[in-house]
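> quick one, what's the 3D model for this:
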Amino acid sequence: QVQLVESGGGLVQAGGSLRLSCAASGRTFSPYAMGWFRQVPGKEREFVAAIRWSGRSSTYYTDSVKGRFIISRDGAKNTVYLQMNSLKPEDTAVYYCAANDRYSSTITTPRTYAYWGQGTQVTVSS
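Okay, the predicted model is just below:
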């Protein structure tokens, strides 16, 4: 069974930074890709960033976070990070980590992912 454990959420003022972490565990789990999504009440879960595990570790971002957020990974620890800088009140959401272990041509949609974390709250005050 694969488990994703997130950490690093919290309350921060606008312009501040937070770093989210997500560690994947499971006896035979080998990620193909991991990503971050976010959700606010009454809205659909939104793609934030994703990274492929092999090759050049290609990264993908939604337009609203480009230049502010950085996704990275530690392959030895099966851990993905999301460094969030210049945070804005509109970044406030529950952030979810996601992972899959099979090839997918696209890794920016929720349906790509088989495994999900429990979510961590990020609140940005103005």
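> which residue ranges form the strands in the protein?
For the chain, the strands defined by DSSP state E occupy 3-7, 10-13, 18-25, 33-39, 46-52, 59-61, 69-74, 79-84, 93-100, 115-116, 120-125.
> buried stuff in the second one?
Buried positions in strand 10-13, judged by neighbour count with 16 or more other CB atoms under 10 Å: V12. Glycine gets a C-beta too; all of them are placed from N, C-alpha and C.
> quick one: mean pLDDT over that strand.
The pLDDT scores in strand 10-13 average 98.
> now distance to T109 too, for the strands of the chain, in TSV please.
Shown next, in TSV, are the strands of the chain (distance: least, CB to CB, whole Å):
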stretch	distance to T109
strand 3-7	17
strand 10-13	27
strand 18-25	18
strand 33-39	9
strand 46-52	7
strand 59-61	11
strand 69-74	16
strand 79-84	17
strand 93-100	10
strand 115-116	13
strand 120-125	21
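> can you tell me how far G26 is from V12?
G26 is 31 Å from V12, where distance means CB to CB, to the nearest Å.
> let me fix that, I meant to ask about D74.
Remark: distance between D74 and V12 (CB to CB) = 23 Å.
> again with D91
Plainly put, D91 is 9 Å away from V12 if you go by CB to CB.
> mutual contacts of those two, please.
By CB atoms under 8 Å, 6 or more residues apart in numbering, D91 and V12 have these common neighbours: V122, V124.
> got a list of what the residue nearest the centre of the chain touches?
Centre of the chain computed as the mean C-alpha position; nearest residue by CA atoms, centre = their mean is W36, 2.0 Å away. W36 sits next to L20, C22, V48, A49, A50, I71, V80, L82, Y95, Y96, C97, A98 when contact means CB under 8 Å, 6+ apart.
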